[in-house]
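>>> Fold the stuff below for me.
(4 chains)
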2 protein chains.
Amino acid sequence: MLIATWNVNSVRARAGHVHRYLTESAPDILMLQEIKCQAADFPRDALPDGYQVEILGQKAYHGVAIIARHPINLVQAGLSTRRVNESGGQENVDESDAEARYLEADIAGIRVGDLYLPNGNPSRRTDEGGATNSTTESNSIKYDYKLRWMQRLTARAQELMSSEKKFLLAGDFNVCPTARDLYDPVGWRDDALFRLDTRREFRRLVNLGLTDAIRARYPDDTLYSFWDYQGGRWSRGEGLRIDHFLLSPPLADRLVDCGIDRTPRQWEQPSDHTPVWCRLD
Amino acid sequence: MLIATWNVNSVRARAGHVHRYLTESAPDILMLQEIKCQAADFPRDALPDGYQVEILGQKAYHGVAIIARHPINLVQAGLSTRRVNESGGQENVDESDAEARYLEADIAGIRVGDLYLPNGNPSRRTDEGGATNSTTESNSIKYDYKLRWMQRLTARAQELMSSEKKFLLAGDFNVCPTARDLYDPVGWRDDALFRLDTRREFRRLVNLGLTDAIRARYPDDTLYSFWDYQGGRWSRGEGLRIDHFLLSPPLADRLVDCGIDRTPRQWEQPSDHTPVWCRLD
DNA sequence: GACATGGGAG
DNA sequence: CTCCCATGTC
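Down below sits the predicted model:
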């Protein structure tokens, strides 16, 4: 069972890449982030024969999709616990569902959560004083939103830990878990992707008992999954590891191999992210 | 000597097409219209080895360029007679030079004028009366500008007829000379490309003694050089003949063959125009 | 319908 | 740097 995750930075701009990746790597499941379109605009011709797709989309931004060769049984879209009842009753939409960032499904006996965690920058709110030029620093609205979103994700993971046997969370977490996971830890000290508060919240999640597959398999390697378009980061080899697979204990036991496939980052007009994959027996 | 003209509708969007056309058809001279960029942004990699280019560009709209395998000796950019003097003295810019639409050069002993004539639509100004709902029709500002531009072009052609032996004018004239030159003469009766005033002004130009090469070679054929993107005009075969070669008498005598090459209109993401070409001995 | 622009986002 | 959108031209 081969499972992959990929932030494609617009599935319409990258339909050819998605088709090529599915054809050449033939994953059983591919979880996409930042599809940047509504479900109706998802390019179906990106899917080779035999693949199906479930989509949580919105206009212009965010958006996640799960592509698989097995039937996809949708469990929930969004992170809120309350769902719409069948008689059209009250839906209690969590703040974390305002944007299309989370899709959960059962596929071939595995529960998968596909997520696109908020970036959170700018991290600090800067109130500029007039003549004094004084600045007071507090968390920005966007950073607070990120932290709350992470808390909601952790709550969901907690539910899954209690109730489910086999599940994984994969996607673009927008978190560098440790200083080894980015090219310039000092320069990024205050960035929402690496701030101590971010890493602490990520550790809370992992400490539920999840396994960061890539780091478990390669404890000491420098591995990145994202290289900014700006500043020639790819050619300088300056990236971040922010796309992750978190495996629940029974799936961690089934981990055969995993890796980061840098090939698609070298294709024409690539996404700034490249696929991360896991093979389970 | 093979000479071609092509409205490319953005040379940056069509750099690959221009390169392919130059490679496959190998014209000695290619005159482009609607390059839609400043000279500095012209994609030089559109030129195969051995070709050079002279550009009159501006931001976003219009813009003409002459590409050739022979040295290009620029004569003038724009239609005004007065030029900048070398000591930086007064330049008398004609109204017709406000937009980048005309470039004239000597190449291999031939004077060529590359032009992108104003479209002129909307043709009529409509003053809506309030309660009465009356409308008075007079020429629009854009149509008047087109007619004046044509008059200035005719004046330039008159100068060339008097002083020069061999010259041609080629480009996007935005004029259907006769009812045979568009798919729906009745429907287009009032359009700036086919209005009687437009055709009359075009005839004044031709009547200086110029030869409309395509029509001279194919007196009775239905031939188009432009098919609107909208309404599936290409697939319906509904076009306009608005791109022309006008030859002065000595060049008309040297006309070996000419045609409209519909191939590039069938390439991926094509221009709405296709190249028109002439072979002179 | 397919270019251009400028602004917002990452 | 490379997407998205809205508006404007033809």
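
>>> Quick check: chain neighbours aside, which residue is closest to the residue of the stretch 51-200 of chain A found nearest DNA strand D?
Closest residue of the stretch 51-200 of chain A to DNA strand D, CB to the nearest atom of the strand: A:A60 (3.8 Å). Where C-beta positions appear, they are placed from N, C-alpha and C, glycine not excepted. Using CB to CB, 6 or more residues apart in numbering or on different chains and skipping residues adjacent in sequence, the residue nearest A:A60 is A:K36, 6.2 Å away.

>>> my guess is that neighbour meets A:N9, correct?
Yes - because the distance of 7.4 Å satisfies CB atoms under 8 Å, A:K36 is recorded as touching A:N9.

>>> still on that earlier bit, the residue of the stretch 51-200 of chain A closest to DNA strand D belongs to a helix?
No - using DSSP: H, G, I helix; E, B strand; the rest coil, the assignment for A:A60 is coil, not a helix.

>>> What's the separation between it and A:Q38?
Separation of A:A60 from A:Q38 (CB to CB, to the nearest Å): 9 Å.

>>> Of the two, which one has the most company?
Ranked by neighbour count (other CB atoms under 10 Å in any protein chain shown), A:A60 and A:Q38 place A:Q38 first, with 15 against 9.

>>> Cross-check the contact I'm expecting between that one and A:G57.
Yes - if you go by CB under 8 Å, A:Q38 and A:G57 touch, sitting 4.6 Å apart.

>>> Common neighbours of these two, please.
Residues touching both A:Q38 and A:G57 (CB atoms under 8 Å, 6 or more residues apart in numbering or on different chains) are A:G63.

>>> Quick one: residues contacting the one residue in the stretch 51-200 of chain A that gets nearest to DNA strand C.
Using CB to the nearest atom of the strand, the closest approach of the stretch 51-200 of chain A to DNA strand C is made by A:N119 at 2.9 Å. Counting by CB under 8 Å, 6+ apart, A:N119 touches A:K142, A:K146, A:N174, A:A192, A:L193.

>>> before we move on, what about A:F245?
Residues near A:F245 by CB under 8 Å, 6+ apart: A:I3, A:T5, A:L168, A:L169, A:A170, A:D212, A:A213, A:I214, A:C258, A:V276, A:C278.

>>> Scan these and report the most crowded one.
Within the contacts of A:F245, most neighbours by other CB under 10 Å means A:T5, with 30 neighbours.

>>> gap between the host helix or strand of it and the chain center?
For A:T5, the host element (DSSP states H and E) is strand A:2-7. Centroid displacement of strand A:2-7 relative to its chain, using CA atoms, centre = their mean, to the nearest Å, is 10 Å.

>>> surely A:P43 meets A:R12?
Yes - at 5.6 Å, A:P43 and A:R12 qualify as touching, with contact defined as CB under 8 Å.

>>> Settle it for me: which of the two has more neighbours?
Higher neighbour count among A:P43 and A:R12: A:P43, with 16 against 13, using other CB under 10 Å.

>>> How much space separates A:A108 from B:R265?
For A:A108, the distance to B:R265 equals 49 Å [CB to CB].

>>> what about those two, which has more around it?
B:R265 (19 against 16).

>>> ok, now which ones touch the more buried one?
B:R265 makes contact with B:W227, B:W234, B:S271, B:D272, B:H273, B:T274, according to CB under 8 Å, 6+ apart.

>>> In strands only, show me those.
Among the contacts of B:R265, no residue falls in strands (DSSP state E).

>>> who in the stretch 51-200 of chain A is up against DNA strand D?
For the stretch 51-200 of chain A, the residues in contact with DNA strand D (CB under 7 Å from any atom of the strand) are A:K59, A:A60.

>>> follow-up on the earlier one: so what sits against both of A:P43 and A:R12?
The contact sets of A:P43 and A:R12 do not overlap (CB under 8 Å, 6+ apart).

>>> roughly how far apart are the residue nearest to A:A60 and A:Y61?
A:K36 is 6 Å from A:Y61, where distance means CB to CB.

>>> could I have stretch A:49-60 exported to CSV, CA atoms only?
Presented in CSV, the C-alpha positions along stretch A:49-60 are these (Å, rounded to 0.1, in the frame of the first residue of the first chain):
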residue,chain,number,x,y,z
ASP,A,49,-8.0,5.3,-15.4
GLY,A,50,-8.9,3.6,-12.2
TYR,A,51,-8.5,6.5,-9.9
GLN,A,52,-11.3,8.4,-8.2
VAL,A,53,-11.3,11.6,-6.2
GLU,A,54,-13.0,13.3,-3.2
ILE,A,55,-12.6,17.0,-3.0
LEU,A,56,-13.1,19.7,-0.4
GLY,A,57,-12.6,22.9,-2.4
GLN,A,58,-13.2,26.6,-2.4
LYS,A,59,-12.5,29.5,-4.7
ALA,A,60,-8.9,30.7,-5.2
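
>>> Please see if it touches DNA strand C.
No - taking CB under 7 Å from any atom of the strand as the criterion, stretch A:49-60 and DNA strand C are apart, separated by no less than 7.5 Å.

>>> chain center to that stretch: distance?
The answer for stretch A:49-60 is 15 Å, by CA atoms, centre = their mean.

>>> for that stretch, what is the average pLDDT?
What stretch A:49-60 shows for mean pLDDT is 97.

>>> May I see the buried residues of that stretch?
For stretch A:49-60, burial by neighbour count (16 or more other CB atoms under 10 Å in any protein chain shown) applies to A:Y51, A:V53, A:E54, A:I55, A:L56, A:G57, A:Q58.

>>> How about stretch A:33-43?
Using 16+ other CB under 10 Å as the test for burial, stretch A:33-43 gives A:Q33, A:E34, A:I35, A:K36, A:C37, A:F42, A:P43.
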